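Q: Quick one, what's the 3D model for this:
(one chain, ligands or ions: 2)
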Amino acid sequence: MSVTHEQRMQKKKSVIDEKIAAAQEERGVLLVNTGNGKGKSSAAFGVVARALGHGLKVAVVQFVKGRSDTGEEAFFRQQPNVHWHVGGEGFTWETQDKERDARAAQAAWEVACTYLSNPEIGLVVLDEMTYAFKYGWLDLEAVIAKLLSRPLMQHVIVTGRGAPEALREAADTVSEIGNEKHAFSAGVKAMPGLDW
Ligand code: ATP
Ligand code: MG
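A: Residues are numbered from 1 along each chain as shown. Ligands and ions are numbered 1, 2, ... in the order given. This next block holds a predicted model:
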């Protein structure tokens with residue numbers, strides 16, 4: 001006897017219901033948004049909006065200062081429950097000064113640590129932090145230890161390409177965002193309101 005569409009859907013629903021019933025834990029989650037595709041930072045900022053909607057307090061620390069006129073910064077700085085910090089001085093191939101980049105990343109990390117010690121902050125976004133490991137600006141093990149000892153209910157999102165393996169292992173949720181195609185490769189400029 002062939003299985004009907006309705007039977008298949010019922011089976012699927014019962015499997016999903018079981019999984020929902022099994023997921024009982026309530027705690028803060030460590031997310032890593034990595035990969036070469038577009039959407040790592042913008043997904044994190046989407047979660048910022050989501051968190052604010054639930055009354056959470058949010059801290060955003062940007063480790064690499066690409067530009068100072070982004071839409072997300074202009075918008076979220078107006079929100080009373082958002083703390084926004086820009087750390088890095090610019091991409092390393094622009095500054096050509098490794099020591100200065102390292103100091104900027106370390107200063108950003110110190111700011112981040114104040115939020116990672118504060119249980120009143122419900123969400124911490126560490127935007128473009130993965131570059132700090134790639135260039136050796138921060139000690140990976142020390143950062144992971146701090147992330148794992150944060151307040152129980154606090155969520156953290158780390159973004160950036162090439163997340164190191166140890167960080168992926170420490171995280172609860174890892175999204176590897178792939179690049180199928182990107183308008184920039186076809187000559188479209190980075191567009192305000194979409195890319196920054
Ligand atoms: P977004 O902030 O748009 O979510 P992202 O955080 O995933 O992007 P980054 O590596 O931080 O990506 O790059 C920031 C800028 O580079 C953004 O303007 C983004 O649109 C652009 N970008 C992201 N991925 C690509 C890509 N695969 N090719 C070209 N440009 C990209
Ligand atoms: Mg980004």
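Q: If you tally nearby residues, what's the number for residue 28?
A: For residue 28, the count of nearby residues is 16 (other Cβ atoms under 10 Å). Using the backbone N, CA and C atoms, a C-beta is placed for each residue, glycine as well.
Q: Settle this for me: it is touching residue 147, isn't it.
A: No - distance between residue 28 and residue 147: 10.2 Å, which falls outside the contact criterion (Cβ atoms under 8 Å).
Q: Touching both of these two, which residues are there?
A: Shared between the contact lists of residue 28 and residue 147 (criterion: Cβ atoms under 8 Å, 6 or more residues apart in numbering) are residues residue 156.
Q: any idea how far the residue in the chain positioned nearest to ligand 2 is from residue 60?
A: Residue of the chain nearest ligand 2, by Cβ to the ion: residue 41 (3.1 Å). Using Cβ to Cβ, to the nearest Å, residue 41 is found at 10 Å from residue 60.
Q: Of the two, give the one with the bigger neighbour count.
A: More neighbours surround residue 60 than the other of residue 41 and residue 60, with 25 against 22 (other Cβ under 10 Å).
Q: bridging residues for that one?
A: residue 84, residue 125 (DSSP bridges).
Q: hmm, back to that, find residues that contact each of residue 41 and residue 60.
A: Residues touching both residue 41 and residue 60 by Cβ under 8 Å, 6+ apart: residue 127.
Q: What's the local residue count around the nearest residue to residue 33 once chain neighbours are set aside?
A: Using Cβ to Cβ, 6 or more residues apart in numbering and skipping the chain neighbours, the partner closest in space to residue 33 is residue 40 (4.0 Å). Around residue 40 there are 24 other residues, counting by other Cβ under 10 Å.
Q: quick one, what contacts residue 40?
A: Under the criterion of Cβ under 8 Å, 6+ apart, the contact partners of residue 40 comprise 33-34, 159-161, 175, 177.
Q: what about burial for those residues, which qualify?
A: Under a neighbour-count criterion of 16 or more other Cβ atoms under 10 Å, the subset of the contacts of residue 40 counted as buried comprises 33-34, 159-161, 175.
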